[in-house]
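# Fold the following for me, if possible:
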Amino acid sequence: MGWIPEIVQKENIRLAWAKQIWSAFKLAQERFKQAQMQLEEAKQRASQISLQFEQSYQERSTLTETLHKQEAKLTLLQEQLQQSTQQIAQLRTELEGIKQERKHKHTIVPHFQLEKGSASVKIQEFSFEVVTLNNWGQPINCSINKAQYFQEHLGNNVFLDMVYIPGGTFLMGSPEDELGRESNEGPQHPVALQPFYLSRFPITQAQWRVIAQLPQINRYLNPDPSNFKHPDTPVEKVCWYDAIEFCARLSQLTGHKYRLPSEAEWEFACRAGTTTPFHFGETITSNLANYDGSYIYGSGTEGPYRQQTTPVGYFQIANTFGLSDLHGNVWEWCADSWHENYQDAPADGSIWQLDESNNSRVLRGGAWYCLPALCRSAQRHWDQADHAGSGTGFRVVCFTI
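Numbers count the residues shown, from 1 in each chain. This is a model prediction of the structure:
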């Protein structure tokens, strides 16, 4: 039997309505899934943000803790710097007091203690700069000092400056813990010396040439022996016997008695009251002395290596006695025979001789080609008396004025 038209129409309406509901349900279901996915993504982002925040918080805490530690260290360093500054100021005050006391002691020593010679001289005064270095080779004190001296006119407008060295007592040699120390530098022992005069610089080529042209006394002197030619650089390539002949001719010319310094006189004059490895302090720099600056001493720094001698007084500084070029430039002959150590050494600073069969003589001060340790105040070296090297010169002592 066929459908009644009204029923068919109603069923079609219901079917259409059911389809609409289904379509709406499907759409809602799809939107729900999308919302779930977005919610999940949001949760993941929130988790990431939370993790990043936690990491940032931890980093901030770490940085804050580090900052507090650094601030504490900075505060401690500032306190130490302030203490060091106060100590330096105190040391400078004490040093100035010592210098003034030493200067007073130097000036009150009457010159009549020296033996009188046949020729009169005029005692003068000169100023010079003294530099003290710290352990890293940096200047920590510069001062202007004064010393007394007299001049010898050698002829041809050439002069020799002789600086007054006050008498005193010092500890000769080096302590066992000094860097670069050799066994022949001991044992340390006190030595008491009378005042004397010592040449301000090593003997120059100009001074040598004038004296070498004077009449021979015991041996011939080559008027131009040096390897590095310049009138104001130290004479070198002279042997010990040449230096003795120079002193003999100089004495005859001036009427004053000249000789090579004893080893004790040389070290006393070099130290000038210091007890450090160099009269500069605990180290040395080739900006103030002529040696192989490619090497360092202690905590010092490298510097230029000139590979030749420099004019005397080139660095325009001196020790507190007013002497220059004691560390480096040329080795300097001393009057003494060589001894392996200071056992039984004279306590009065006199020349320490052996029998004439010993041809070895003492050298002091180091040279332009030496490592810095070889330029120390206590460093000892020797050579045969008849040998003349390109780094060997000398300076002279006078006891009669």
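
# wouldn't Gly293 be in contact with Gly300 here?
No: in this structure Gly293 lies outside contact range of Gly300 using CB atoms under 8 Å: 9.5 Å. Any C-beta I mention is one placed from the backbone N, CA and C, and that applies to glycine too.

# what touches both of those two?
Residues touching both Gly293 and Gly300 by CB atoms under 8 Å, 6 or more residues apart in numbering: Thr285.

# When these two are compared, which one has more neighbours?
Neighbour count, other CB atoms under 10 Å: between Gly293 and Gly300, Gly300 has more, with 24 against 20.

# give me phi/psi at Gln353?
Main-chain dihedrals, Gln353, degrees, to the nearest 10: phi -100, psi 150.

# Same question for Ser127.
The phi/psi pair for Ser127 (degrees, to the nearest 10) reads phi -110, psi 150.

# any idea how far it lies from Asp161?
13 Å (CB to CB, to the nearest Å).

# what about those two, which has more around it?
More crowded of Ser127 and Asp161, by other CB under 10 Å: Asp161, with 18 against 10.

# Can you verify my assumption that that one contacts Arg200?
Yes: when contacts are counted by CB under 8 Å, Asp161 is listed as touching Arg200 (4.1 Å).

# Identify the contacts common to these two.
Joint contacts of Asp161 and Arg200 (CB under 8 Å, 6+ apart) are Tyr149.

# Could you work out the end-to-end span of stretch 280-299 for me?
One end of stretch 280-299 to the other measures 14 Å (CA to CA, to the nearest Å).

# roughly how far out does stretch 222-230 sit from the chain middle?
Distance of stretch 222-230 from its chain centroid, counting by CA atoms, centre = their mean, to the nearest Å, is 30 Å.

# State the mean pLDDT of it.
Taken as a whole, stretch 222-230 has a mean pLDDT of 98.

# With only the CA atoms kept, save that stretch in CSV.
The C-alpha coordinates for stretch 222-230 follow below in CSV (Å, rounded to 0.1, in the frame of the first residue of the first chain):
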residue,chain,number,x,y,z
ASN,A,222,147.6,50.0,23.0
PRO,A,223,145.9,53.4,22.8
ASP,A,224,142.8,52.0,20.9
PRO,A,225,142.2,48.4,22.1
SER,A,226,138.3,48.4,22.2
ASN,A,227,136.0,46.4,20.1
PHE,A,228,133.1,49.0,20.2
LYS,A,229,134.6,52.4,19.2
HIS,A,230,133.3,55.5,21.0
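
# Dump the helix or strand hosting Trp208 to PDB, restricted to CA.
In this assignment (DSSP states H and E), Trp208 forms part of helix 205-212. Output in PDB follows, covering the C-alpha atoms of helix 205-212 (Å, rounded to 0.1, in the frame of the first residue of the first chain):
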ATOM      1  CA  GLN A 205     138.100  55.100  25.800                       C
ATOM      2  CA  ALA A 206     138.900  58.900  25.800                       C
ATOM      3  CA  GLN A 207     140.500  58.700  29.200                       C
ATOM      4  CA  TRP A 208     142.400  55.500  28.300                       C
ATOM      5  CA  ARG A 209     143.700  57.100  25.100                       C
ATOM      6  CA  VAL A 210     145.200  60.100  26.900                       C
ATOM      7  CA  ILE A 211     146.900  57.900  29.600                       C
ATOM      8  CA  ALA A 212     148.100  55.300  27.000                       C
END
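
# Name the spans of this structure whose pLDDT lies under the cut-off.
1-3, 74, 77-78, 80-119, 355, 401 (pLDDT under 70).

# Output the longest strand belonging to it.
Using DSSP state E, we find that the single longest strand of the chain is strand 139-155.

# Spatially nearest residue to the residue nearest the centre of the chain (excluding sequence neighbours)?
Centre of the chain computed as the mean C-alpha position; nearest residue by CA atoms, centre = their mean is Ile284, 2.4 Å away. Nearest non-adjacent residue to Ile284, counting by CB to CB, 6 or more residues apart in numbering: Phe278, 4.7 Å away.

# The residue nearest to the centre of the chain reaches Leu374, doesn't it?
No: with contact defined as CB under 8 Å, Ile284 does not reach Leu374; the gap is 10.8 Å.

# Give the pairing partners of the longest strand of the chain; include direction for each.
strand 124-133 (antiparallel), strand 158-165 (antiparallel) (DSSP bridges).

# Tell me the buried residues in the very next helix or strand once past the shortest one?
Going down the chain from strand 158-165, the next helix or strand is strand 168-172, by DSSP H and E. Within strand 168-172, the residues that count as buried by 16 or more other CB atoms under 10 Å are 168, 170, 172.

# repeat for stretch 52-68
For stretch 52-68, using 16+ other CB under 10 Å, no residue counts as buried.

# Ok, stretch 171-178 next?
By neighbour count, with 16+ other CB under 10 Å as the criterion, the buried positions of stretch 171-178 are 172-174, 178.

# how distant is stretch 28-39 from the center of its chain?
With CA atoms, centre = their mean, you get 81 Å for stretch 28-39.

# and this structure, what are its domains?
1-108, 112-398 (automatic domain parsing).

# so how far is stretch 62-82 off the chain centroid?
With CA atoms, centre = their mean, you get 32 Å for stretch 62-82.
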